[in-house]
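*Asks:* give me a 3D structure for the following:
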Amino acid sequence: MAIFPMAPELPEDVLGRRGSLPKKPDGVVLAGSHVRLEPLILSRDVEALFAVSNGSAASLGERRVDSYDADALVWRYMSGGPFDTADELATWLRVQVDSPTALCLAAFDVPTGQPVGAANLMANFPEHLKIELGNIWYGPLVQGTPINQEATYLMLRHTFELGYRRVEWKCDALNERSRRAALRMGFTFEAIQEKHFIVKGRNRDTAWFRILDHEWPDVQSQLEKSLSA
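*Replies:* You can find the predicted model right below:
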């Protein structure tokens, strides 16, 4: 007789978490030494975000960048951009802010208090205890600083403390910078899903990464060591 195995039933405390998590993640402020994440407010944040991502020369405290290729450094692998006006950026961000399954967060540089990028807790499936960190971008002024790593750490810590079992990171398979960042921050590469999306009229194969709840303590320890250094 053929045997068709079944996974064991999950404990009640795990199954019970599903009813405590909202479909749209609750607004939260996540503060670190380098970055503070808080719900993005279009009227407050868009002009500053446009200024650090449109290719124009910009400064932030003692940091400065000359004019640059905004497509190459910020927007090439995103679903929108580059944007010619702050209103165009606002239109793109408004979809994320209003999403019924995502929380759009503005990233603020702690020393200056200025918005420097954005990130989302998105593709939220509380019924399966999984969520994604996505639509993450930062202006060139803070690329190469600890801001991305600390922001990712803060979001990971928050989601696992809420009770999620799986946190995902996805990116265009051609986006080597994002793929290296995912591995550097403790995500495990799973697969490439071919012909996953059509973005800006082009095919997108998607690289999938994840961290599972039982992996998080080790990843957390490594991230904290890296950030403290």
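*Asks:* skip the chain neighbours and tell me the closest residue to L154.
*Replies:* Nearest non-adjacent residue to L154, counting by C-beta to C-beta, 6 or more residues apart in numbering: L30, 4.0 Å away. Quick note: C-beta positions are derived from backbone N, CA and C, even for glycine.
*Asks:* so who does that neighbour touch?
*Replies:* R36, L37, E38, L105, A151, L154, M155, H158 (C-beta atoms under 8 Å, 6 or more residues apart in numbering).
*Asks:* who does it form a beta bridge with?
*Replies:* L37 (DSSP bridges).
*Asks:* can you give me the neighbour number for L141?
*Replies:* By other C-beta atoms under 10 Å, 23 other residues sit near L141.
*Asks:* remind me which helix or strand it belongs to.
*Replies:* Counting by DSSP states H and E, no helix or strand carries L141.
*Asks:* kindly provide the distance from the closest residue to it other than its chain neighbours to V142.
*Replies:* Of all residues beyond its chain neighbours, the one nearest L141 is L60 (4.6 Å), with distances taken as C-beta to C-beta, 6+ apart. Plainly put, L60 is 7 Å away from V142 if you go by C-beta to C-beta, to the nearest Å.
*Asks:* shared neighbours, these two?
*Replies:* D109, V116.
*Asks:* looking at those two, which is more packed in?
*Replies:* Taking other C-beta under 10 Å, L60 and V142 do not tie; V142 has more neighbours (22 against 18).
*Asks:* that one and P115 touch, don't they?
*Replies:* No. Counting by C-beta atoms under 8 Å, V142 stays clear of P115, with 10.4 Å between them.
*Asks:* list residues touching both of the two?
*Replies:* D109.
*Asks:* could you pull out the helices for the chain?
*Replies:* 12-17, 42-51, 70, 86-97, 147-162, 176-184, 216-228 (DSSP state H).
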